[in-house]
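Colleague: Give me a 3D structure for the following:
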Amino acid sequence: MKPVLFPLLASAVLFTSCLTTLDSTLNAYLEGGEAPLTEKEVARGLKEALTRGAESAAKALGAKDGYYGNDLYRLALPPEADPIIENIERVPGGKKMMDDLVLRINRSAEEAASEAYPIFADAVTDMTIADAFTILKGKDDEATRYFRAKTYTRLVDLYHPKLNGALDKKLVGDISANQTWNTLRDLYNKVALSPIGKINKMKTVDIELSRYLTERALDGMFLKVADEEKAIRKDPVKRVSEILKRVFGSLD
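Modeller: From the prediction side, this is the model:
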């Protein structure tokens with residue numbers, strides 16, 4: 001009888017445990033509360049939040065003046081480009097051409113941003129339940145960190161050609177910004193590496209202009225994504241669906 005008795009007792013304990021769990025869940029509903037979040041609900045809520053945040057960020061920066069019209073996101077040439085700017089501005093009409101260049105750079109970034117959402121959407125699709133819980137319990141920008149890790153390389157491939165194309169367009173004397181930058185950079189580095197440059201502790205400049213601007217443009221994109229994430233985490237008004245209210249409400 002003993003071999004039969006043990007499985008029966010185990011089954012009874014398991015059945016009692018299930019009844020207790022079901023009873024507590026029902027009581028939560030009857031008392032006006034909610035059942036605990038399931039793993040699938042957390043994953044679904046996080047995916048919806050990430051989708052909404054990424055879509056909103058891409059749409060905002062992809063609109064006209066998304067970059068150019070906001071001091072926080074507007075792209076500018078690096079400080080190392082000051083000699084280029086100063087020399088071009090001495091040429092009649094040079095300032096306008098430089099202003100046009102900066103405008104074109106930002107318009108190129110806006111065009112890239114308008115095409116960025118599918119890259120973010122793929123990252124959301126690939127998100128695991130473990131990723132979802134890490135994001136939910138993590139820092140205020142945990143989702144943004146996830147996006148950066150999963151999308152950065154593809155976003156560089158999207159942004160870089162567009163920004164480089166803007167820099168390759170001709171400016172003063174049928175010379176592009178890339179050509180001017182490379183010429184002045186090489187001349188400066190030659191001086192920096194000379195005995196006089198070493199005595200004056202001059203440092204060489206190795207910045208690739210298109211790569212620099214691509215990195216700054218993506219910094220702006222992820223800054224915008226982080227703002228969207230923070231709003232959903234902290235502002236109940238931004239939780240526009242029941243699953244968002246449940247998942248992020250659990251953190252309040």
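Colleague: switch to C-alpha atoms for all contacts and neighbour counts from now on
Modeller: Will do.
Colleague: which residues sit in contact with Lys59?
Modeller: 113-114 (CA atoms under 8 Å, 6 or more residues apart in numbering).
Colleague: Distance from the helix or strand encompassing it to the middle of the chain?
Modeller: Assigned by DSSP states H and E, Lys59 falls within helix 39-62. Here the centre of helix 39-62 is set off from its chain's centre by 12 Å, with CA atoms, centre = their mean, to the nearest Å.
Colleague: Please apply the same query to stretch 190-202.
Modeller: Relative to where its chain is centred, stretch 190-202 has its mean C-alpha point 39 Å off (CA atoms, centre = their mean).
Colleague: So Ala177 sits against Asn164, correct?
Modeller: No - at 9.7 Å, Ala177 does not count as touching Asn164 under the criterion of CA atoms under 8 Å.
Colleague: hmm, back to that, the helix holding Lys59: what's the following helix or strand?
Modeller: Next along from helix 39-62, by DSSP H and E: helix 82-89.
Colleague: tell me what that following helix is packed against?
Modeller: When contacts are defined as 3 or more CA pairs under 8 Å, 6 or more residues apart in numbering; DSSP states H and E, helix 82-89 sits against helix 94-114, helix 177-192.
Colleague: Near Ala58, how many other residues are there?
Modeller: Using other CA atoms under 10 Å, Ala58 has 24 neighbouring residues.
Colleague: just Asn200 next, same as before
Modeller: 10.
Colleague: Check it and give its pLDDT.
Modeller: We have a pLDDT of 84 for Asn200.
Colleague: Then the one 5 residues further on?
Modeller: With respect to pLDDT, Val205 has a value of 80.
Colleague: Enumerate every residue touching it.
Modeller: By CA under 8 Å, 6+ apart, the neighbours of Val205 are 80, 185, 188-189.
Colleague: so is it in a helix, a strand, or just coil?
Modeller: coil (DSSP: H, G, I helix; E, B strand; the rest coil).
Colleague: how near is it to Leu184?
Modeller: Between Val205 and Leu184 the distance is 10 Å, computed by CA to CA, to the nearest Å.
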